[in-house]
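Participant: prediction below, plus the sequence it came from.
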Amino acid sequence: MDDLKSKYLTLIAEAGDEATLEDIRITAVGKKGEVALKMRELGKMTPEERQVAGPALNALKDEINSALAAKKAALADAALDERLRSEWLDVTLPTRPQRQGTIHPISQVSEEVTAIFAEMGFSVAEGPRIDTDWYNFDALNIPGHHPARAEMDTFYMHRAEGDNRPPHVLRTHTSPVQIRSMEASGAPTRIICPGGVYRADYDQTHTPMFHQVEGLAIDKDISMANLKWVLEEFVKSYFEVDGVDLRFRASHFPFTEPSAEVDIRCSWEGGTLKVGEGDDWLEILGSGMVHPKVLQAGGIDPNEWQGFAFGMGIDRIAMLKYGIPDLRAFFDSDLRWLRHYGFAALDVPTLHGGLSR
Ligand code: DAH
């Protein structure tokens, strides 16, 4: 028995792979293996002999089995170590500058906008792109009969017969995130929400999917003056100019009262846009003081709190800043376009490090 033991333990220790181990298992402790053969001999023994040999054989079998299991685990560990060694990859290494992948202008501009508003204490909120018509319309004071619903060219989700979940739409703007973030974190609050939105429309300046950034600030004493300052700071930082004239034009949105559209002074001399000088005006966003009904829909008491909101087209401000003439090109995935208008992957926009350099 001692011979058997040392023979097999040595073989196991020397085995170099799982197949060899399996062969050893079969010849040692398999149904017709050496240990099984010895067990058969028990029948010919006297009861006294059997009382000694029986447990000893069982112990031998156990010992061989656990040596096999331990060796199997060790082989697996060694195989994994070898794989880790050979497939090792340093994911923290910088990308290679000669590689041609670039950051899409929409991602770049979203990062720029986020960096600017972060500096002013706004955090980023998110909401679903497929939302209920309640969040997209009703909660924003756009009831069923309101013309704004028709104007938005909404994509409605198909509903199967008997489906009694509320109707869902592809969100037509980022404004529903106002309601969701009021519900989630109450007042006071300061958030922006960049993200994709959808409308059934397609020409040089419209695509069925595009991007907006929503802003919302609620506190006890927020006024239009705060809105104006925040937007001025934003426009200066974003267009990287020292000064800029903003023009507030009275307008109407169901979710704000009063409402204003905001234009910036610019010139188109020589066919290129210059922000902050000239005699032209360029509309860049809609804004206003949040309507009391909207605050209420978000669970905030309009007698205690007030705030401003704004909504701006990300693709539009990207086109303006980077001189991109056709909106549709954003979504064509043409590599030549992406190489021309894309940004280096490592130049993360920050206010101190430079937004777009
Ligand atoms: N949701 C509007 C749109 O998509 C944009 C907008 C206007 C958002 C005024 C606002 C706002 O938050 O106050 O056209």
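Facilitator: Everything's here; your move.
Participant: tell me where the stretch 101-250 of the chain has helices.
Facilitator: 105-119, 133-136, 147-151, 176-185, 224-239 (DSSP state H, counting those that start in this stretch).
Participant: tell me which helix or strand in the chain has the weakest average pLDDT.
Facilitator: When the helices and strands of the chain are scored by mean pLDDT, DSSP states H and E, helix 147-151 comes last with a mean of 78.
Participant: that older thread, what would the helices of the stretch 101-250 of the chain look like in JSON lines with mean neighbour count and distance to Ala250?
Facilitator: For the C-beta atoms, the positions are set from N, CA and C on the backbone; glycine is no exception. What follows is the helices of the stretch 101-250 of the chain, written out as JSON lines (neighbours: other CB atoms under 10 Å; distance: least, CB to CB, whole Å):
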{"stretch": "helix 105-119", "mean neighbour count": "20", "distance to Ala250": "25"}
{"stretch": "helix 133-136", "mean neighbour count": "22", "distance to Ala250": "25"}
{"stretch": "helix 147-151", "mean neighbour count": "13", "distance to Ala250": "17"}
{"stretch": "helix 176-185", "mean neighbour count": "22", "distance to Ala250": "21"}
{"stretch": "helix 224-239", "mean neighbour count": "18", "distance to Ala250": "11"}
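Participant: lowest-confidence stretch among those helices?
Facilitator: Mean pLDDT across those is lowest at helix 147-151; the value there is a mean of 78.
Participant: put the alpha carbons of that helix into PDB.
Facilitator: What follows is helix 147-151, C-alpha atoms only, in PDB (Å, rounded to 0.1, in the frame of the first residue of the first chain):
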ATOM      1  CA  PRO A 147     -50.600  73.100 -30.400                       C
ATOM      2  CA  ALA A 148     -47.000  72.500 -29.100                       C
ATOM      3  CA  ARG A 149     -47.700  68.700 -29.200                       C
ATOM      4  CA  ALA A 150     -48.500  68.800 -32.900                       C
ATOM      5  CA  GLU A 151     -45.600  71.200 -33.700                       C
END
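Participant: so what's the gap between that helix and the chain middle?
Facilitator: Relative to the chain's own centre, helix 147-151 is displaced by 31 Å; criterion: CA atoms, centre = their mean, to the nearest Å.
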